[in-house]
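Enquirer: from the sequence below, what's the structure:
(2 chains)
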Protein chains: 2
Amino acid sequence: MTKNELDIADLLDRIGQVVGDAARPVPLHEPRFDGAERDYVLETIDTGWVSSVGRFVNRFESDLAEICQVPYVVATGTGTAALHVALLLAGVQPGEEVLLPSLTFIATANAVKYCDAVPHFCDSEMDSFGIDPGKLDAYLRDIVVLRNGVSFNKVTGNRIAALVPVHIFGHPAKIDELAELSTRWSIPLVEDSTEALGSKLNGRPVGHHGLLSTLSFNGNKIVTTGGGGAILTADPDLAKRAKHLTTTAKVPHAWRFDHDAVGYNYRLTNISAALGVAQLERLPVFVDAKRRLAERYMTTFDGFAGGRILREPSGAESNYWLNTLILDEGCEGLQEDVLQAANDAGFMVRPLWTPMHRLPMFKGAPAMDLSVCESLSARVVNLPSSPGLELSRAG
Amino acid sequence: MTKNELDIADLLDRIGQVVGDAARPVPLHEPRFDGAERDYVLETIDTGWVSSVGRFVNRFESDLAEICQVPYVVATGTGTAALHVALLLAGVQPGEEVLLPSLTFIATANAVKYCDAVPHFCDSEMDSFGIDPGKLDAYLRDIVVLRNGVSFNKVTGNRIAALVPVHIFGHPAKIDELAELSTRWSIPLVEDSTEALGSKLNGRPVGHHGLLSTLSFNGNKIVTTGGGGAILTADPDLAKRAKHLTTTAKVPHAWRFDHDAVGYNYRLTNISAALGVAQLERLPVFVDAKRRLAERYMTTFDGFAGGRILREPSGAESNYWLNTLILDEGCEGLQEDVLQAANDAGFMVRPLWTPMHRLPMFKGAPAMDLSVCESLSARVVNLPSSPGLELSRAG
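Expert: Now for the predicted structure:
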């Protein structure tokens, strides 16, 4: 096999070995409801507590706080809503700049736009696919001027208001190094942990480095509420303000409707939370299943000519939200053929999200050199990753 | 009884007669799940289709289209989201002004702010509590200058980008007259029908006058999805764009993630829609029950010295979402006493929302004379209005 070739039939055969007798088409990621989902959801209907108040919302928040080992959790209607409010609470103002990876799902960049702020794109590194702290450090030294302890972009004159690392596909980013940069440059850290519930770094769940951190419970995540998200923080005042801003900034009163700020209708509903509480009870089982599935991908693709499976970074225990095949350099031109052939064969694989800096609404946004992001974008194929692929396996 | 007095004990006694043996405290409005809610919701769990795609989302939209007699419906995660996107699609740009009543729930005004536009507050009339078209007409003649067929505020120089009437408490506003003003002044009409599902004017459901119209299915509405909303329109292009903007502006493709605009994660989930489909099957029963409940309020408060129950406007069949006691002029100072006494007695009554122009974030916003809104704000008490108060009554 030459450098620019790969055996697509062999690739499909190996995917087939991993997914086994799962019905075709095999989704990229589907939820699994084998716990108390039905009982908890029916309870919300039978009691009438389906909307934005109820015992499951409270329990979902306290369960998440325990799982993530953070003091405060505020549940939201979507992960995007969590990102939006987290950025607002971090102090992002209109016209300011927010550092985030170009290699991420659209929600991270959209949340910046909802604040009328400017996304400023950073490159990624190969170990975790997260922001490259070394490259960011060099870049900040080049473009930032500190005035009274506040970082400004020398070129645009804008304040740099937040740094938003993303734990891509559940793999913890180099968050200690990024947190160090955040401190050194006085740029508040907001951690996008939307893909990483259940992932750990150095034995501790991700989501505690940021001033605020966010989770997502969309239908394709390791744990789902249908649609949902959460804001995590160690700061009681930020937690209180997160709750306030996500509940239309209504001032609590038995009957009066006063609001003291432009707020949002971003609260998770009790029926969604009921689903989420049942799902969280199964999280350890799902993480374990997904880690075993990832191990089987790695074993099965051992010796595959033309690509390799992304392994969790050193020190990390990843939830392996999405398994990832990285085609070798030189195979960029074959990515589309792989995607087409795999989907034709009933494996719903997909590429990386189109990098943010290539989307029309973010063209012209400030950015560092993005060569690693560009390269990965042409070489990554995400593979079917449902926990059920492991849990439903014939013993 | 003098003009400034009312017999609170008598008032409580009459509320008690209407709500009968309902358990105390009697909520202002609670949902009722006596249809196929459990079955439909369980179907979403059993099939795994709980998130933003599924048969119940589609059916919820087509059922609403039929009920509301509008060609296109796009379901959203909240009524606020529906308002936000409807304003964007009506063409509201940053810095432009949007006419809306000061007498409304906060979501109407917040949606304007989400567009970075300026709320411009209008007064209400006594028949429906909606925007007063005569007063608005006179006001527009005073403050508007037409340039190339476009309305601008003479004073601020801003374009007047939309007119947003609200059907308060389910009572159809004077929408024909308001639509006529919208046409005459070339100000796009966006109809806030969030409280008025099931209400009719001249035999036809409300929601078809606006370029776009919005519904809400929050937990306290006549029909609930936990949290949810919808955008109605007769324009296929606007419907397509509404769907696009509410689904992160993702360009449809089997595996590629391209987005062509800053979009929103505003789609209703299938599990919420399942609840909604079952609720819509019961809508005629709920409307009928709520209309009978309203009739009993009117009969029971007949002869009450100090106030009267708001009756549906001429030509309207209201869903009577919230029943409304209007204290007589002169009794303003007693509103708080009534609210306190009724809540103490286990009737969860409440006043009008604090008018928008009195909230800190909207102070200084442009506004016409708001004397009717001010007067109503000091005199309205909403009464317990759950459909179950009628449907659970001992025969």
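
Enquirer: what about the stretch 251-395 of chain A, any weak spots by pLDDT?
Expert: Low-confidence segments of the stretch 251-395 of chain A, defined by pLDDT under 70: A:394-395.

Enquirer: and the host helix or strand of A:Leu42, what's buried?
Expert: When elements are assigned from DSSP states H and E, A:Leu42 belongs to helix A:37-47. Buried residues in helix A:37-47, counted by 16 or more other Cβ atoms under 10 Å in any protein chain shown: A:37-38, A:40-45. Placement of C-beta: from N, CA and C, glycine included.

Enquirer: next: stretch A:107-117.
Expert: Buried residues in stretch A:107-117, counting neighbours by 16+ other Cβ under 10 Å, are found at A:107-115, A:117.

Enquirer: please enumerate the helices of the stretch 201-350 of chain A.
Expert: A:236-246, A:270-281, A:283-300, A:335-344 (DSSP state H, counting those that start in this stretch).

Enquirer: counting by contacts, list what the first one packs against.
Expert: It refers to helix A:236-246. If contacts are counted by 3 or more Cβ pairs under 8 Å, 6 or more residues apart in numbering or on different chains; DSSP states H and E, helix A:236-246 sits against strand A:72-76, helix A:79-89, strand A:229-233.

Enquirer: likewise the third one?
Expert: If you count contacts as 3+ Cβ pairs under 8 Å, 6+ apart, helix A:283-300 packs onto helix A:8-19, strand A:307-309, strand A:323-327, helix A:388-391.

Enquirer: isn't A:Pro119 right up against A:Lys363?
Expert: No: at 11.1 Å, A:Pro119 does not count as touching A:Lys363 under the criterion of Cβ atoms under 8 Å.

Enquirer: tell me which of the buried residues of stretch A:107-117 is nearest to B:Glu177?
Expert: For these, the residue nearest B:Glu177 by Cβ to Cβ is A:Tyr114; the value is 36.0 Å.

Enquirer: let me see the contact set for the closest one.
Expert: A:84, A:87 (Cβ atoms under 8 Å, 6 or more residues apart in numbering or on different chains).

Enquirer: over to A:Arg141?
Expert: Counting by Cβ under 8 Å, 6+ apart, A:Arg141 has no contacts.

Enquirer: right, and the helix or strand after the strand or helix carrying it?
Expert: Using DSSP H and E, A:Arg141 sits within helix A:133-143. Heading C-terminal from helix A:133-143, the first helix or strand you meet, by DSSP H and E, is strand A:144-147.

Enquirer: of the buried residues of helix A:37-47, closest to A:Asp13?
Expert: Taking Cβ to Cβ as the measure, A:Asp13 sits nearest to A:Glu37 out of the buried residues of helix A:37-47, at 35.3 Å.

Enquirer: tell me the pLDDT at the closest one?
Expert: pLDDT, A:Glu37: 98.

Enquirer: residues in contact with the residue nearest to it when sequence neighbours are not counted?
Expert: Closest residue to A:Glu37 apart from its sequence neighbours, by Cβ to Cβ, 6 or more residues apart in numbering or on different chains: A:Ala278 at 4.1 Å. Applying Cβ under 8 Å, 6+ apart to A:Ala278 gives the contacts A:33, A:35-37, A:39-41.

Enquirer: equivalent analysis for A:Asp39, please.
Expert: A:Ala278.

Enquirer: same check on A:Ile160?
Expert: Neighbours of A:Ile160 in contact, by Cβ under 8 Å, 6+ apart: A:96-99, A:120, A:144, A:151-153, A:185, A:187.

Enquirer: residues near the closest residue to A:Pro27 other than its chain neighbours, how many?
Expert: Leaving aside its chain neighbours, A:Pro27 sits nearest to A:Met348 (5.3 Å; criterion: Cβ to Cβ, 6+ apart). Neighbourhood size, A:Met348 [other Cβ atoms under 10 Å in any protein chain shown]: 19.

Enquirer: from B:Val73, how far out is A:Met348?
Expert: Per Cβ to Cβ, to the nearest Å, A:Met348 is found 29 Å from B:Val73.

Enquirer: what's the answer for A:Gln335, then?
Expert: Taking Cβ to Cβ, one finds A:Gln335 at 38 Å from B:Val73.

Enquirer: residues from the stretch 201-350 of chain A in reach of chain B?
Expert: By Cβ under 8 Å from any Cβ of the partner chain, the residues of the stretch 201-350 of chain A that approach chain B are A:218-220, A:224, A:226-227, A:248, A:250, A:254-265, A:267, A:269-272, A:275, A:339, A:343, A:348-350.

Enquirer: PyMOL command to pick out the buried ones of the residues you listed?
Expert: Buried residues within these, by 16+ other Cβ under 10 Å, are selected in PyMOL with:
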select buried, chain A and resi 218+219+220+224+226+227+248+250+255+257+259+261+262+263+264+265+267+269+270+271+272+275+339+348+349+350
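
Enquirer: spit out the contact partners of the closest residue to chain B within the stretch 1-150 of chain A.
Expert: Among all residues of the stretch 1-150 of chain A, A:Ser51 sits closest to chain B, at 2.4 Å; criterion: Cβ to the nearest Cβ. The contact partners of A:Ser51, by Cβ under 8 Å, 6+ apart, come to A:269-271, B:31, B:218-220, B:224, B:226-227.

Enquirer: for my notes, confirm it occurs in a helix.
Expert: No: checked against DSSP: H, G, I helix; E, B strand; the rest coil, A:Ser51 lies outside a helix; its state is coil.

Enquirer: on the pLDDT front, check it for me.
Expert: You'll see A:Ser51 listed with a pLDDT of 90.

Enquirer: among the residues of the stretch 201-350 of chain A next to chain B, which lie within strands?
Expert: A:Arg350 (DSSP state E).

Enquirer: can you list contacts of stretch A:82-94?
Expert: For stretch A:82-94, using Cβ under 8 Å, 6+ apart, the contacting residues are A:76, A:98, A:107-108, A:111-112, A:114-117, A:159, A:161-162, A:164, A:188, A:190, A:192, A:194, A:210-216, A:229-231, A:238, A:241-242, A:245-246, A:264, A:266.

Enquirer: excluding chain neighbours, what is closest to A:Lys154?
Expert: Going by Cβ to Cβ, 6+ apart, A:Lys154 has A:Val145 as its nearest residue, at 4.8 Å.

Enquirer: number of nearby residues for that neighbour?
Expert: By the measure other Cβ under 10 Å, the count of residues near A:Val145 is 11.

Enquirer: assess the claim that it and A:Phe152 are in contact.
Expert: Yes: with contact defined as Cβ under 8 Å, A:Val145 counts as touching A:Phe152 (5.3 Å).

Enquirer: hang on, the earlier thing: of the buried residues of helix A:37-47, closest to A:Gly170?
Expert: A:Glu37 (22.0 Å).

Enquirer: in contact with the closest one, which residues?
Expert: Per Cβ under 8 Å, 6+ apart, neighbours of A:Glu37: A:274-275, A:278-279, B:45.

Enquirer: and stretch A:344-360, end to end?
Expert: 29 Å (Cα to Cα, to the nearest Å).

Enquirer: before we move on, what about stretch A:319-331?
Expert: 28 Å.

Enquirer: again with stretch A:156-175
Expert: End-to-end distance (Cα to Cα), stretch A:156-175: 27 Å.

Enquirer: go on, stretch A:22-36?
Expert: Taking Cα to Cα, stretch A:22-36 runs 24 Å from one end to the other.

Enquirer: so for the very next helix or strand once past the helix holding A:Leu42, mean pLDDT?
Expert: As assigned by DSSP H and E, the chain's next helix or strand after helix A:37-47 is helix A:55-68. Throughout helix A:55-68, pLDDT has a mean value of 98.

Enquirer: and helix A:55-68, what does it pack onto?
Expert: Judged by 3+ Cβ pairs under 8 Å, 6+ apart, helix A:55-68 is in contact with helix A:37-47, strand A:72-76, strand A:212-216, strand A:229-233, helix A:270-281.

Enquirer: mind doing that once more with 6 Å?
Expert: strand A:72-76, helix A:270-281 (3 or more Cβ pairs under 6 Å, 6 or more residues apart in numbering or on different chains; DSSP states H and E).
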